[in-house]
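Enquirer: sequence unavailable; structure follows:
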């Protein structure tokens, strides 16, 4: 089976939707030939772009270039799959220049799928489109490695990636705890997983949640919902806002089949992130359950909920951290928000230190406190801990999330100039 056949159908559909949406926003007044493209990065995020023409023809750029620039601007360094959408008698494949640009970030086995507005027209690999190519490895640069001078340069695409680097206080040299509350509020907004996990949630509740997710001050990183409501949330939200859904939640049982069934439902719904509860009552059962969940959601971001308030003992929390990291977790998350003790600075420090102490995790894995975070001041304490232990670069949506429902009220109050308010909601 080749790489294009291995691309999960749900991932392909997400890429197709993003590329088709971007194509509808193309700027092509001269050729009238609109193209959209989408790339999947190493963190499971989708970045889209369109072609932009210029009266001085050589100054225009292709959709693939826009999508790659959006990926790089969001911190992505590897393209795992590419979709190109255009309308013509023949399949619209990447031009020669774009094939070389893709080569900078993708391996030879990277799937390249070509489609039109309704159908997939052809499937390739990058190596098939650009055989015996010249790339970073010839110059001694490995995949995902920052080129020299990367901090001084960058590009923002005509694409759908949230402009995190334009938010004050979210740059590489952000302070650990900004004194300006508006800076902290913008940082918290960009890293917020806006959550609704009430037992009786309906589509109407998710309508209201998603309406709040993109507001006058910007968009949240993701919304977090039950698996049964994930597809509805995905239909409502713009591509730059991820959908997360919960598995094995909130009980954290040891039933592998049930956890995998939740995960498959999340994948089929088109969500981008899985928040799974580790079986904290039976840590010996955790490795097999997490491994099965990881296999069931390839390409999706996996956040493992440790339920630190119930584990309580630091040694048990450290063991849970090691288990989650060994299973391929992309995030360590403190809690479900459904127990008596949820996120605490003490537990946060244990999780962050476990990430920092693991060479394979310290530059990749993120941290998510959840439960009881209702004010910008609360959020700032956790951002300071992340900066202290993982560095300022980690305070961004790819490495830091806040699971909350009421926090958005306080963020909006601060950014609206009305002063802080007490957050509503129990999460």
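Expert: Okay, I see it. This is a predicted model, so every value here is computed, not measured. Residues are numbered from 1 along each chain as shown.

Enquirer: can you map out the helices along the stretch 201-350 of the chain?
Expert: 203-213, 230-236, 256-268, 286-296, 308-311, 314-326, 345-357 (DSSP state H, counting those that start in this stretch).

Enquirer: including distance to residue 383, mean pLDDT and mean neighbour count, could those go into JSON lines?
Expert: All C-beta spots, glycine's among them, are computed from the backbone N, C-alpha and C. Shown next, in JSON lines, are the helices of the stretch 201-350 of the chain (distance: least, Cβ to Cβ, whole Å; pLDDT from 0 to 100; neighbours: other Cβ atoms under 10 Å):
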{"stretch": "helix 203-213", "distance to residue 383": "20", "mean pLDDT": "97", "mean neighbour count": "16"}
{"stretch": "helix 230-236", "distance to residue 383": "26", "mean pLDDT": "96", "mean neighbour count": "21"}
{"stretch": "helix 256-268", "distance to residue 383": "28", "mean pLDDT": "97", "mean neighbour count": "19"}
{"stretch": "helix 286-296", "distance to residue 383": "27", "mean pLDDT": "97", "mean neighbour count": "19"}
{"stretch": "helix 308-311", "distance to residue 383": "18", "mean pLDDT": "98", "mean neighbour count": "22"}
{"stretch": "helix 314-326", "distance to residue 383": "20", "mean pLDDT": "98", "mean neighbour count": "19"}
{"stretch": "helix 345-357", "distance to residue 383": "10", "mean pLDDT": "97", "mean neighbour count": "19"}
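
Enquirer: format the ones you listed as a markdown table; extra columns: distance to residue 10.
Expert: As requested, the helices of the stretch 201-350 of the chain are arranged in a markdown table below (distance: least, Cβ to Cβ, whole Å):
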| stretch | distance to residue 10 |
| --- | --- |
| helix 203-213 | 19 |
| helix 230-236 | 10 |
| helix 256-268 | 5 |
| helix 286-296 | 11 |
| helix 308-311 | 31 |
| helix 314-326 | 23 |
| helix 345-357 | 28 |
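
Enquirer: nearest to residue 335, of these?
Expert: Residue 335 sits nearest to helix 308-311 of all these, at 5.7 Å, using Cβ to Cβ.

Enquirer: give me the residues contacting that closest one.
Expert: Residues outside helix 308-311 that contact it (Cβ atoms under 8 Å, 6 or more residues apart in numbering): 280-281, 317, 320, 334-335, 339-344, 347, 350-351, 371.

Enquirer: again, only using 10 Å
Expert: Around helix 308-311, the neighbours that count as contacts under Cβ atoms under 10 Å, 6 or more residues apart in numbering are 252, 278, 280-281, 283, 314, 316-321, 332-337, 339-344, 346-348, 350-351, 369, 371-372.

Enquirer: residue 302: which of the helices of the stretch 201-350 of the chain is closest?
Expert: Of those, nearest to residue 302 by Cβ to Cβ is helix 286-296, at 6.0 Å.

Enquirer: packing partners of that closest one?
Expert: In terms of contacts (3 or more Cβ pairs under 10 Å, 6 or more residues apart in numbering; DSSP states H and E), helix 286-296 is packed against strand 242-247, helix 256-268, strand 273-277, strand 301-305, helix 314-326.

Enquirer: break the protein into its domains for me.
Expert: According to automatic domain parsing, the chain is divided into the following domains: 3-152, 164-415.

Enquirer: which one of those is the most hemmed in?
Expert: domain 164-415 (a mean of 21; mean count of other Cβ atoms under 10 Å).

Enquirer: chain center to it: distance?
Expert: Distance of domain 164-415 from its chain centroid, counting by Cα atoms, centre = their mean, to the nearest Å, is 11 Å.

Enquirer: would you map the helices across the stretch 51-200 of the chain?
Expert: Using DSSP H, counting those that start in this stretch, the helices assigned to the stretch 51-200 of the chain run over residues 63-73, 96-103, 126-129, 181-190.

Enquirer: neighbouring contacts of the shortest one?
Expert: Going back to what we said before, that points to helix 126-129. Under Cβ under 10 Å, 6+ apart, the answer for helix 126-129 is 2-4, 79, 81-82, 93-94, 96, 98-99, 102-103, 105-112, 114, 133, 135.

Enquirer: any regions of this structure where pLDDT drops low?
Expert: 1-6, 140-179, 418-427 (pLDDT under 70).

Enquirer: kindly recompute the last result at 50.
Expert: Residue ranges of the chain with pLDDT under 50: 1, 144-176, 422-425.

Enquirer: hang on, the earlier thing: out of the contacts of helix 126-129, which sit inside strands?
Expert: Mapping these onto strands (DSSP state E) picks out 79, 81-82, 111-112, 114.

Enquirer: looking at those, spot the one nearest residue 399.
Expert: Nearest member of the ones in strands among the contacts of helix 126-129 to residue 399, counting by Cβ to Cβ, is residue 79, at 19.8 Å.

Enquirer: quickly list what that closest one is bridged to.
Expert: residue 41 (DSSP bridges).

Enquirer: that one touches residue 94, doesn't it?
Expert: No. With contact defined as Cβ atoms under 10 Å, residue 79 does not reach residue 94; the gap is 11.5 Å.

Enquirer: identify the contacts common to those two.
Expert: With Cβ under 10 Å, 6+ apart as the test, residue 79 and residue 94 both reach 64, 101-102, 112, 126.

Enquirer: most widely separated two among those?
Expert: 101 and 112 (12.4 Å).

Enquirer: what's the overlap in contacts for the two?
Expert: Here residue 101 and residue 112 have 64, 79, 94 as joint contacts, going by Cβ under 10 Å, 6+ apart.

Enquirer: and those residues as JSON lines, adding distance to residue 310?
Expert: Formatted as JSON lines, those follow (distance: Cβ to Cβ, whole Å):
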{"residue": "64", "distance to residue 310": "47"}
{"residue": "79", "distance to residue 310": "40"}
{"residue": "94", "distance to residue 310": "50"}
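
Enquirer: closest one of the residues you listed to residue 41?
Expert: Nearest member of those to residue 41, counting by Cβ to Cβ, is residue 79, at 6.5 Å.

Enquirer: please report how far the closest one lies from residue 72.
Expert: 10 Å (Cβ to Cβ, to the nearest Å).

Enquirer: overlap in contacts of those two?
Expert: Shared contacts of residue 79 and residue 72, counting by Cβ under 10 Å, 6+ apart, come down to 41, 47, 104-105.

Enquirer: what's the closest non-adjacent residue to residue 246?
Expert: residue 275 (4.9 Å; Cβ to Cβ, 6 or more residues apart in numbering).

Enquirer: surely that neighbour is in contact with residue 306?
Expert: No. The criterion here is Cβ under 10 Å, and residue 275 misses it with residue 306 at 11.4 Å.

Enquirer: joint contacts of those two?
Expert: Shared contacts of residue 275 and residue 306, defined by Cβ under 10 Å, 6+ apart, comprise 333, 336.
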